[in-house]
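S.K.: need coordinates for the below:
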Amino acid sequence: VAGIVRGVNASIVEPEAGSERQLRRSNLTVEVIQQNQSQATLRVELRDNQTGAPIALDDSRQYPITGPTRNGYITIANQRVETNASGVVIVTIDEPGIYTARYQPGSWLGHDPAYVSDTATARWHPLGTIDGWFALVFEVGWQLLPFFVMFYAGKRLLRMLGPEDIFQQNP
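M.R.: Residues are numbered from 1 along each chain as shown. Here you go, the predicted structure:
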């Protein structure tokens, strides 16, 4: 193989046996498992796309080749979280919106198999439930109640103080 410096050549050396790393796709899913008008609970699950086995994340900085845990993290709602042994993490959010979870795998040098990153999206809004709609209607009705009372009182007062035939006249 010709090198990057003119006139320098090198030969390709095969890596030692067992030094190759598998590179696999990860499967990240996010779902809303519980919600009310003030908060929602999201279930984030990370699995190996090929085997379906859970991917457990640990924040240790060691490189446990073929060990039970691995480096990496998941970001969602401006939080950094790690999955448990079954590949699941529960996150509670209190602001409605669209939430994107992103898996950032650890270095491919320290893990076998190594995984590529993945993203998943979940949407939460309080009006997504019947309780949310009921709360909205109740709040709007409660806020508009004084206007209805004033309209009714004004109409009754106009009838009491105005001439009897004001509403029967045709212009």
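S.K.: show me where this protein has its helices.
M.R.: 130-161 (DSSP state H).
S.K.: centre-most residue in it?
M.R.: Y99 (3.3 Å; C-alpha atoms, centre = their mean).
S.K.: for that residue, name its beta-bridge partners.
M.R.: Under DSSP bridges, the beta-bridge partners of Y99 are A122.
S.K.: correct me if wrong: it contacts L42.
M.R.: Yes: assessed by C-beta atoms under 8 Å, Y99 is found in contact with L42 at 6.7 Å. For every residue, glycine as well, the C-beta is placed using N, CA and C.
S.K.: so what sits against both of the two?
M.R.: 30, 76-77, 93, 122, 124 (C-beta atoms under 8 Å, 6 or more residues apart in numbering).
S.K.: could you redo those residues as TSV and give each row neighbour count and distance to I130?
M.R.: As requested, the shared contacts of Y99 and L42 are arranged in TSV below (neighbours: other C-beta atoms under 10 Å; distance: C-beta to C-beta, whole Å):
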residue	neighbour count	distance to I130
V30	19	23
I76	23	26
A77	16	25
I93	19	20
A122	22	20
W124	19	15
